[in-house]
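Colleague: Just to be clear, the model below is a prediction. Sequence and coordinates:
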Amino acid sequence: MRSVAVIVPTYHRAGSLKKLLESFDALEIPNSIPMEVPILDNGSTDGTETLLAQEETNARKAAGFFRITCIARKFTK
């Protein structure tokens, strides 16, 4: 079975990330091919986490197989 996975590392790029996710929506991939976009957020504080939560909700409503995974790493001193 074929599938598509695109891994996206990000840090303080909420604006660019929104454009990137919109470009994924424009792709013409058949619904029979699962697509996953793991987004690796390195602890952004610019609204990236909120944006991803909204986009994940939108992705669940859309037809097909599209999943966003947000992984945040936060370091403390």
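Modeller: The structure has been received and is ready for your questions. Numbering: from 1, shown residues only.
Colleague: Could you give the bridge partners of the nearest residue in space to Leu27 that is not next to it in sequence?
Modeller: Closest residue in space to Leu27, ignoring its immediate chain neighbours: Met35 at 7.9 Å, by CB to CB, 6 or more residues apart in numbering. The C-beta positions use only the backbone N, C-alpha and C, and glycine is treated the same way. Beta bridges link Met35 to Val4, Phe66, judged by DSSP bridges.
Colleague: For the residue lying closest to Val6 once chain neighbours are set aside, what are phi and psi?
Modeller: Leaving aside its sequence neighbours, Val6 sits nearest to Val37 (CB to CB, 6+ apart; 5.2 Å). Backbone torsions for Val37, taken as degrees, to the nearest 10, come to phi -130, psi 90.
Colleague: Test my guess that Val37 contacts Phe24.
Modeller: Yes: under the criterion of CB atoms under 8 Å, Val37 makes contact with Phe24 at 6.4 Å.
Colleague: all strands in the protein, in order from the N-terminus.
Modeller: 4-5, 8-10, 35-41, 66-72 (DSSP state E).
Colleague: Show me the least confident stretch of these, going by mean pLDDT.
Modeller: In terms of average pLDDT, strand 66-72 trails the rest of the strands of the chain, at a mean of 59.
Colleague: Now stretch 38-54: buried residues?
Modeller: The neighbour-count criterion (16 or more other CB atoms under 10 Å) identifies Ile39, Asp41, Ser44, Thr48, Leu51, Leu52 as the buried residues of stretch 38-54.
Colleague: isn't the fifth one right up against His12?
Modeller: In this case it means Leu51. No: if you go by CB under 8 Å, Leu51 and His12 don't touch, sitting 11.7 Å apart.
Colleague: re the thing from before, kindly indicate which of the buried residues of stretch 38-54 lies nearest Lys19.
Modeller: Leu51 (11.1 Å; CB to CB).
Colleague: Spatially nearest residue to the closest one, not counting backbone neighbours?
Modeller: Ala14 (5.0 Å).
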